Structure formats: C-alpha cells, structure tokens
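>>> Predicted model, plus sequence, below.
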Amino acid sequence: MKRLSIEERLGTTVFDQFEEPHITVDNRLCVDCVEKPCLNTCPSRLYTLHEGVLTFQYEGCVECGTCRVVCHNGGNKAVRWTYPHGGLGVRYREG
Amino acid sequence: MPDEKFDCIVVGAGLAGLAAAYQMATDGLQVLVVEKAKVPGQKNVSGGRMYSHALAKLIPRFWEEAPVERAVTREGVTFMTRESAFSIDFESKKLGDLHNSYNVLRTKFDAWFSEKVAARGAMIIPGARIDRLHIEDGQVKGVIAGSDKLLADSVVLAEGANPLLAEQAGLKPPLKPHQTAVGVKEVIKLGADVINDRFRLGMDEGMAQVFVGAPTSGLPGGGFLYTNRDSVSLGIVMPIDSAMGFEHARDKRRQVPELVEDFRTHPYLAKLLRGGEVVEYSAHMVPEGGYRQVPKVLAHNGALLTGDSAGFVINAGLTFRGMDLAIESGRIAGVAVKRAKDKGDFTRGGLKEYERLLKQSFVLKDMKRFRNAPGFLSNPRMYTTYPEMISDLFETLFTVDGEKHLSRKEVRQVLMRHVSPVTLAMDALKGVRSL
Ligand SMILES: Cc1cc2nc3c(=O)[nH]c(=O)nc-3n(C[C@H](O)[C@H](O)[C@H](O)COP(=O)(O)OP(=O)(O)OC[C@H]3O[C@@H](n4cnc5c(N)ncnc54)[C@H](O)[C@@H]3O)c2cc1C
Ligand code: SF4
Ligand code: SF4
C-alpha cells in the first residue's frame, strides 16, 4: 500500500464542521517555547511553523488531547483546550 | 432538558459509563447518561480487542447479539526491525470456544451497548457536552452543560483518557506525559475473504497481533493489528514522553502522524495489506502509567472516577487491556452508588465502598500484579537492541553460504554484538518479574 499524506488520511475521517475553535493557541507564548513538542506529536499535524511563527489550525482535530498534555508539560502553556460543542467535531464511523 | 433530580448522572457513554448505567438502571435507580457524541461510540477509539469476562457479567453471552467483529483465535507477537520481522504465532480454537476475547470496533459496539442501557430504563442524552461539575460545599451535586444545570445525588465520571472535568474540579492531578500514551490508528478495508486467507482464519475467527521495535521507530511503545469482519485495525501506541522525544536530537524527533505510515508500509505489512484501502484515521490517548499512577482517592464527595478517567489500563506487553477494566470499574461504581443510596449517604464516606470493592476485584488486583510492567516497558533496549539482536541471530541462522559454520560460540558472539551477558540476564529477570 502506498504512503498517504496526513491530509489524505484525514480526508477519510468524517468531521461535523463548526465555527468557533475549541482549541486556541496564544502563539505569543510560543516564541519562548524552546522544544515546541506540539509540532511532532499532534497526530493530525495541525501545529506548524511558518517563518518561525507557530500557527495552529483546528479543522482536522481528532480531539485526542495530546497537545494539551505536551504544551502544558514541556511547552509554554499556550494551548487552551476544550472539546467541541456536543455533536460537533470528529465523528468516527469505525472507532 | 429534564429538571428532576437523578440518583446518578453518568458523564460519558463509553464502556465505563454504560456499564455503570446498566448496573444502576437494573437496580432501579434513576440514571441519566450524558454523552457529547451525537450517537454513543462516535467519539471512541480502541485498538480493538476486548476480553469478554467483564461484560459477560452484565450481559451473559453478549457476543450472540452484540456487533462483535471476530473471536480472537490467533495471537501474534512480532519483533520488528526496519527490514525484518520475527514472530511468535499462536493459534488455538479453544480461545474462540472460551469466548476469551473479541475484536471490536467501538462506534458500532458502544451504540449497541447504549441501546441495551436505554432498554434497562436509563435516560441517555447524546450530543451534549458537560462543561463542568456542579459542586456545593465540596459535594458534587450535578453537572453543567451550557446554560443547563442537571442535579443528582452522585456523578460517575467516565469521561475517558482526557479527564478534563475531574482535573478541573481537582479530583485528579493534571495528566503528565509519562502517564499517558497517544494511540494512532488506521482502519483498512480488505474484504472478509482476503482477511481469512492472508491471516489464516476461519469464518468469524480473528487475530490479535502486537509489534515491538520498528513501529515506534525504536522508542518505547508498540504496534497493533486486529482483524475486523472485513477490515483490519492497524496502529501504534506511544507514551507521550517518548513521543515528545526530548532525549533525542531535535532532528531525530519522531513525527507521530508518520509512525503509522512507516508501519503500514513496512515490508511485512505491505504484503499483508496489499490492495487495502484506508477508510478511517483516528487518534486517542491511553492512560498507561499503570498501578502507581492510579489516584489514591477514587471516591469523592458525590463523585466516582471510573475507566480511563481513573487510569485503569494494563499494558503488560503481551496483553493490553482497558476495555474490560472500564466495564468492571463502571459496574462496581454502579453497585457502590446503589449502596450509598440505601444508606442515604453520598459523601465520600458513603461512596467509599467503591474503593473497597475495586480492591477486591480484578481491576486493582491485576493492575497491582503488573505494577512493574511500565518500568520494564520503558527500557529502551526492548525497542532497539533486542529486536535487532533477534533479527541478527535469525538472519545468521537462516543464511547458508557454505562459509559460515554456526557453533554455539558464534551464536554467542552474535548476541554479544548487541548486549553484554549481564545486561541481558538483568533485563530477562526484570521481564520475568514484571510480566
Ligand atoms: C489506540 C488504542 C488502542 C487500544 N486498544 C485496546 C485493546 O485492544 N484492548 C483494550 O481492552 N483496550 C484498548 N484500549 C483502551 C480502551 O480503549 C480504553 O481503556 C477504554 O475505551 C476506556 O473506556 P472508558 O469508558 O473509560 O472511556 P471512553 O471509551 O473513552 O469513553 C469516554 C466517553 O466520555 C465521553 N465524554 C468525555 N468527556 C465528556 C464531556 N465533558 N461531556 C460529555 N461526554 C464526554 C466521550 O465522548 C466518550 O464517549 C485502546 C485505546 C487506544 C486509544
Ligand atoms: S508546545 Fe505550546 S507553547 Fe510550545 S510551541 Fe506548541 S503551542 Fe506553543
Ligand atoms: S487534540 Fe490531538 S488532534 Fe487535536 S490539535 Fe491536539 S494533538 Fe492535534
């Protein structure tokens, strides 16, 4: 089987879209975050660096909670984390 | 939403919450289950093998009606390097006849279980997120969802591996990276016949296989493969501290989303999964801290911690269990709430029965028994040195070129290329003691 990009893989998962982000990142705090563990641990790769600036995109989040744990233990606590409102967000068909 | 007061509100319609509600509804309690997914199960992920014993206590012979995928009759353990795979393959019809364990897909399974719970008389409100606990004078008295306040004498917290409510209310310290792992999984559609042929399974027979070494790119953690009816669940579970990779140079950091791709495209799996189609990508945390990380206090004034929220998972290398522990802890929570109601005491004192019953049950007994497994499994040699040593040894044994003559001394030399005799003996001893 061929390798799939993360976008291709996330394309197989169903999401019920919503407007207001459930996770917010105060990326001013990221400037002082040396290790930036969110970058390599988010399974959906939603944390990226653009010209040194951390950007986060909430669409495609599978709500695992990993970024909350890594950012608050080794990161600079920039992540504010909650689940999407009831019935919204990732909707598994297999699970 | 209703404005009556419940005996118990259960947060989360996963296995722990549903088991608690089933038990309480059967005992005639007024129970409300609140779940954020539109349909219970749609937010839940497992690797996929459930040991049957726990649910069978609540619903005898559940497998006759539940949407289970396959009865596990074949077990595999594979030590993997980038290029090789050494497997232990165990097949036994007896495992199936004993109904020992089943491969499951949680979306279907939890939806079925929630219908059973509703049929017992519990009320289930899906599509609602609980935002916080309602606490008066240090006593949990209900939950808050948006502008709704729901009142109850007790709350069973079954919110899973990311226990926001318990943390927020101070019932549990915030999760640390070494207490939890991240699991990433792909469901790959192959067709039932292809699965039966490639994995040498009869109709409804299933396989559970764990992998050590290459799947987590030589770091602690492991890979898994479970067969469903017409698909395969493939994934990795990696402790978050090792995923963060602070002990490694930055450029060597493991990219979590790529691990499962490396795994699926490994020569061993590429052939097994040829022609398959990825139909779902998912990720979820797993509490993996073991016995020592379970909070001392599990019964609070008006609230009980169950399942993943309490950290009830055992990773003992060969066996990986969370679902049966979730179900049994939920059931016991249900029993404890009933007794608290009989006594009319929902304080910690009245609910403490939960901790006593848990200690007597397999939940805490088994967790205690495997208390050294997390330490043993965090030994980095398990994931690099030993898979490579095994691979080297068997490559040597299986290579015939008319030159080499393999004597005991040479076998020993192969082994010693990887590890000293003392280290090997010590690791073996620790392994025996912890597993
Ligand atoms: C990749 C992976 C592989 C695994 N493999 C296995 C395996 O092979 N065998 C095994 O036995 N175990 C396995 N486990 C562990 C097992 O899945 C868990 O131990 C088990 O699901 C725990 O059940 P639970 O009911 O405690 O939590 P969950 O099943 O996670 O249920 C929690 C529920 O609470 C809901 N919820 C959470 N917060 C709120 C809120 N605020 N408001 C409303 N609802 C809320 C969630 O939506 C969810 O439905 C695996 C886990 C993972 C991630
Ligand atoms: S870990 Fe937290 S603080 Fe660090 S870069 Fe990521 S989001 Fe910012
Ligand atoms: S919750 Fe998981 S998927 Fe979502 S942003 Fe955080 S790490 Fe990524």
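Looks like it arrived, so ask away. Ligands and ions are numbered 1, 2, ... in the order given.
>>> C-alpha only now, for contacts and for neighbours.
Will do.
>>> List of residues touching the top helix by length along chain A?
Counting by DSSP state H, the longest helix found in chain A is helix A:66-72. With C-alpha atoms under 8 Å, 6 or more residues apart in numbering or on different chains as the test, helix A:66-72 has contacts from A:36-38, A:41-42, A:77-81, B:175-177, B:182, B:240, B:244, B:285.
>>> quick one: low-confidence parts of the stretch 1-150 of chain B?
Applying pLDDT under 70 to the stretch 1-150 of chain B flags residues B:1-3.
>>> now the helices: where do they sit in it?
B:15-26, B:53-58, B:93-97, B:106-119 (DSSP state H, counting those that start in this stretch).
>>> would you turn those into a markdown table with mean neighbour count?
Shown next, in a markdown table, are the helices of the stretch 1-150 of chain B (neighbours: other C-alpha atoms under 10 Å in any protein chain shown):
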| stretch | mean neighbour count |
| --- | --- |
| helix B:15-26 | 29 |
| helix B:53-58 | 17 |
| helix B:93-97 | 14 |
| helix B:106-119 | 20 |
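>>> longest helix of chain B?
helix B:323-343.
>>> ok, is that helix in contact with ligand 1 or not?
Yes: contact of helix B:323-343 with ligand 1 (C-alpha under 6 Å from any ligand atom) involves B:323-324, B:326.
>>> Considering the residues you listed, which possesses the most neighbours?
B:Ala326 (31 neighbours; other C-alpha atoms under 10 Å in any protein chain shown).
>>> Which single residue of the stretch 101-250 of chain B approaches ligand 2 most closely?
Ligand 2 sits closest to B:Met244 of the stretch 101-250 of chain B, with a gap of 10.0 Å, by C-alpha to the nearest ligand atom.
>>> so how many other residues sit close to the residue nearest to that residue when sequence neighbours are not counted?
For B:Met244, ignoring the flanking residues on the chain, the nearest one in space by C-alpha to C-alpha, 6 or more residues apart in numbering or on different chains is A:Pro37 at 5.6 Å. A:Pro37 has 26 neighbouring residues, counting by other C-alpha under 10 Å.
>>> how close does A:Pro37 sit to B:Gln255?
Per C-alpha to C-alpha, to the nearest Å, A:Pro37 is found 10 Å from B:Gln255.
>>> Also B:Val414?
Taken as C-alpha to C-alpha, the span from B:Val414 to B:Gln255 is 32 Å.
>>> again, but for A:Tyr47
12 Å.
>>> Now the common contact residues for those two.
Counting by C-alpha under 8 Å, 6+ apart, nothing touches both A:Tyr47 and B:Gln255.
>>> Please identify the buried residues of stretch B:184-191?
B:184-190 (16 or more other C-alpha atoms under 10 Å in any protein chain shown).
>>> where does the stretch 151-300 of chain B dip in pLDDT?
Ranges of the stretch 151-300 of chain B meeting pLDDT under 70: B:246-252.
>>> and it, which residues reach chain A?
B:162, B:164, B:175-177, B:182, B:184, B:187, B:240, B:243-244, B:246, B:253-257, B:261, B:264-265, B:270, B:273-276, B:278-285 (C-alpha under 8 Å from any C-alpha of the partner chain).
>>> Make a ChimeraX selection of the buried ones in the residues you listed.
Paste this into ChimeraX to select the buried members of those, with burial taken from 16+ other C-alpha under 10 Å:
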select /B:162,164,175,176,177,182,184,187,240,243,244,253,254,255,256,257,261,264,265,270,273,276,278,279,280,281,282,283,284,285
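>>> Restricted to helices, list the residues of the stretch 151-300 of chain B next to chain A.
B:164, B:240, B:243-244, B:256-257, B:261, B:264, B:270.
>>> Please render those as a markdown table that adds distance to ligand 1 to the earlier fields.
Below are these laid out as a markdown table (distance: C-alpha to the nearest ligand atom, whole Å):
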| residue | distance to ligand 1 |
| --- | --- |
| B:Leu164 | 7 |
| B:Ile240 | 12 |
| B:Ala243 | 14 |
| B:Met244 | 17 |
| B:Val256 | 13 |
| B:Pro257 | 13 |
| B:Glu261 | 15 |
| B:Arg264 | 15 |
| B:Ala270 | 20 |
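>>> from these, which is closest to B:Arg433?
If you rank those by distance to B:Arg433 using C-alpha to C-alpha, B:Ile240 comes first, at 25.0 Å.
>>> So which of the contacts of helix A:66-72 are in strands?
A:79-81, B:182, B:285 (DSSP state E).
>>> Could you report the neighbour count for B:Leu272?
If we define neighbours as other C-alpha under 10 Å, then B:Leu272 has 16 of them.
>>> Now the residue nearest to it when sequence neighbours are not counted: phi and psi?
Nearest residue to B:Leu272 in three dimensions, chain neighbours excluded: B:Arg198, at 6.4 Å (C-alpha to C-alpha, 6+ apart). Backbone geometry at B:Arg198, expressed as degrees, to the nearest 10, gives phi -70, psi -30.
>>> Test my guess that B:Arg198 contacts B:Arg274.
No: contact criterion C-alpha atoms under 8 Å: B:Arg198 and B:Arg274 do not qualify, at 10.1 Å.
>>> Please report how far B:Thr81 lies from ligand 1.
21 Å (C-alpha to the nearest ligand atom, to the nearest Å).
>>> The residues of helix B:323-343 next to ligand 1 into JSON lines, with extra columns for pLDDT?
Shown next, in JSON lines, are the residues of helix B:323-343 next to ligand 1 (pLDDT from 0 to 100):
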{"residue": "B:Met323", "pLDDT": "98"}
{"residue": "B:Asp324", "pLDDT": "98"}
{"residue": "B:Ala326", "pLDDT": "98"}
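>>> Just name the closest of these to A:Glu8, please.
Nearest member of the residues of helix B:323-343 next to ligand 1 to A:Glu8, counting by C-alpha to C-alpha, is B:Met323, at 30.0 Å.
>>> and the gap between the closest one and A:His22?
B:Met323 is 28 Å from A:His22, by C-alpha to C-alpha.
>>> follow-up on the earlier one: show me which of the ones in strands among the contacts of helix A:66-72 neighbour ligand 1.
B:Met285.
>>> List just the nearest of the ones in strands among the contacts of helix A:66-72 to ligand 1.
Using C-alpha to the nearest ligand atom, the ones in strands among the contacts of helix A:66-72 come closest to ligand 1 at B:Met285, 5.0 Å.
>>> and chain A, which residues reach ligand 2?
Counting by C-alpha under 6 Å from any ligand atom, chain A comes close to ligand 2 at A:25, A:27, A:29-30, A:33, A:36-38, A:71, A:75-79.
>>> I'd like these as JSON lines, with distance to B:Thr227 and pLDDT appended.
Formatted as JSON lines, the residues of chain A next to ligand 2 follow (distance: C-alpha to C-alpha, whole Å; pLDDT from 0 to 100):
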{"residue": "A:Val25", "distance to B:Thr227": "38", "pLDDT": "98"}
{"residue": "A:Asn27", "distance to B:Thr227": "42", "pLDDT": "95"}
{"residue": "A:Leu29", "distance to B:Thr227": "44", "pLDDT": "98"}
{"residue": "A:Cys30", "distance to B:Thr227": "42", "pLDDT": "98"}
{"residue": "A:Cys33", "distance to B:Thr227": "42", "pLDDT": "96"}
{"residue": "A:Lys36", "distance to B:Thr227": "36", "pLDDT": "95"}
{"residue": "A:Pro37", "distance to B:Thr227": "33", "pLDDT": "95"}
{"residue": "A:Cys38", "distance to B:Thr227": "32", "pLDDT": "97"}
{"residue": "A:Cys71", "distance to B:Thr227": "35", "pLDDT": "98"}
{"residue": "A:Gly75", "distance to B:Thr227": "38", "pLDDT": "96"}
{"residue": "A:Asn76", "distance to B:Thr227": "41", "pLDDT": "97"}
{"residue": "A:Lys77", "distance to B:Thr227": "39", "pLDDT": "98"}
{"residue": "A:Ala78", "distance to B:Thr227": "40", "pLDDT": "98"}
{"residue": "A:Val79", "distance to B:Thr227": "37", "pLDDT": "98"}
